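Participant: Predicted model, plus sequence, below.
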Amino acid sequence: MASLRQLEYLVTVVDTGSFTRAAEQLHVTQPALSHQMRALEQTVGGPLLERLPRAVRLTPMGRAMLPHARAALADAERARCAARQAGGLMAGELLVATVYSVSLGVLPPALRVWRRERPEVDVRLFEYRHADELREAMTAGEADVAVGPVPEGWDGPVRHLGTEEFVVVLPTDSTDSANTAERSADATVDLATLADCAWVHYAPGHGLAELVDRACADAGFRPRPAVRTEQTAAAPILAAAGLGPALVPANVLPPRFEGRVLRPSTPVRRRLAAYTRPGPDPLTSGFVDVLAEHATV
């Protein structure tokens, strides 16, 4: 059976890309590190690393093992923290992973309640560009709970939080065909009327870029970007400044937003959930309960 130390050695070699750098970081000799890696490879029945002249590369067996090694180390660290917390040696820490847009609009109310109720628990927030990256982080054990789009086929607990609505943002003096819509809370716009506009779009690899492309494709066109942004919060500001329409989560807009906000006549929505690995600890389960009650979706 592989030891935690051997798994730590494997992860460190991969992360540093070198046995020499890994040995320095782990404060062990390189021969001792190499010996432990050979022992680990004998345990699993095959090579995990390919040793190149200037680098180290994972073999297929190594790629299969790496996320489980990371998860085992993360679980061990959480067990250590739980034991120290129970012994009064330290406060708890909660690792929360999410995607950019959710950290802006959905999480803050829940985090405010959690902080008021559990001030002794530190929260570390990890933000990812895409739901696939979020899921990979959870699989690798890099967080206790993920908050984002509902994952398909997840084998741990999934708590549905609600459905996120998207709106179109335009400058207040917009004169395009969308300007015929009534200026009211129920104002809508057919995305097809914006087909000739240059859009405020999201950078490639950003999860919302795919959502915008899909919504526009359903309306019969492909959006032409005027500008692309990595930051979800920047999209409505750029749209209100006149660079082009933007499709944004309604919950990221500030209370006194100056831009013009319209609902797509064909609603654009995204279901959100909180999910954990099987058997979440009480701290994680308690945070999910707070999310279900207080997250703004």
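Facilitator: Okay, I see it. Numbering: from 1, shown residues only.

Participant: all contacts plus neighbour counts: C-alpha atoms, from now on.
Facilitator: Noted.

Participant: where along the stretch 1-150 of the chain do the strands fall?
Facilitator: For the stretch 1-150 of the chain, strands defined by DSSP state E, counting those that start in this stretch occupy the ranges 49-51, 56-58, 93-99, 122-128, 145-149.

Participant: In a markdown table: these, plus mean neighbour count.
Facilitator: Below are the strands of the stretch 1-150 of the chain laid out as a markdown table (neighbours: other Cα atoms under 10 Å):
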| stretch | mean neighbour count |
| --- | --- |
| strand 49-51 | 16 |
| strand 56-58 | 17 |
| strand 93-99 | 21 |
| strand 122-128 | 15 |
| strand 145-149 | 27 |
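
Participant: Any idea which of those gets closest to residue 246?
Facilitator: Nearest of those to residue 246, taken as Cα to Cα: strand 93-99 at 18.4 Å.

Participant: That closest one packs against which elements?
Facilitator: Helices and strands touching strand 93-99, by 3 or more Cα pairs under 8 Å, 6 or more residues apart in numbering; DSSP states H and E, are strand 122-128, helix 131-139, strand 145-149.

Participant: Dump those into CSV; add mean pLDDT and distance to residue 251 as well.
Facilitator: Below are the helices and strands packed on strand 93-99 laid out as CSV (pLDDT from 0 to 100; distance: least, Cα to Cα, whole Å):
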stretch, mean pLDDT, distance to residue 251
strand 122-128, 90, 17
helix 131-139, 89, 18
strand 145-149, 94, 14
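
Participant: Residue 230: which of these is closest?
Facilitator: strand 122-128 (11.0 Å).

Participant: Within the sheet, what are the partner strands of the closest one, with directions?
Facilitator: strand 93-99 (parallel) (DSSP bridges).

Participant: what about the strand it pairs with, average pLDDT?
Facilitator: Mean per-residue pLDDT for strand 93-99: 90.

Participant: CA-only coordinates of that strand in PDB, if you can.
Facilitator: Extracted in PDB, the C-alpha atoms of strand 93-99 (Å, rounded to 0.1, in the frame of the first residue of the first chain):
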ATOM      1  CA  GLU A  93     -10.700  26.200   7.700                       C
ATOM      2  CA  LEU A  94     -13.100  25.700   4.900                       C
ATOM      3  CA  LEU A  95     -11.900  25.500   1.300                       C
ATOM      4  CA  VAL A  96     -14.500  26.700  -1.200                       C
ATOM      5  CA  ALA A  97     -14.100  26.400  -5.000                       C
ATOM      6  CA  THR A  98     -16.300  28.300  -7.400                       C
ATOM      7  CA  VAL A  99     -16.400  30.000 -10.800                       C
END
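
Participant: Generate TSV for the strands of the stretch 1-150 of the chain, with distance to residue 5 as supplementary columns.
Facilitator: Below are the strands of the stretch 1-150 of the chain laid out as TSV (distance: least, Cα to Cα, whole Å):
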stretch	distance to residue 5
strand 49-51	17
strand 56-58	18
strand 93-99	23
strand 122-128	25
strand 145-149	25
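
Participant: Now residue 224: closest residue in space that isn't a chain neighbour?
Facilitator: Leaving aside its chain neighbours, residue 224 sits nearest to residue 198 (5.0 Å; criterion: Cα to Cα, 6 or more residues apart in numbering).

Participant: which ones are touching the one you found?
Facilitator: 223-226, 243-245 (Cα atoms under 8 Å, 6 or more residues apart in numbering).

Participant: which stretches of this protein have low pLDDT?
Facilitator: 81-91, 174-186 (pLDDT under 70).
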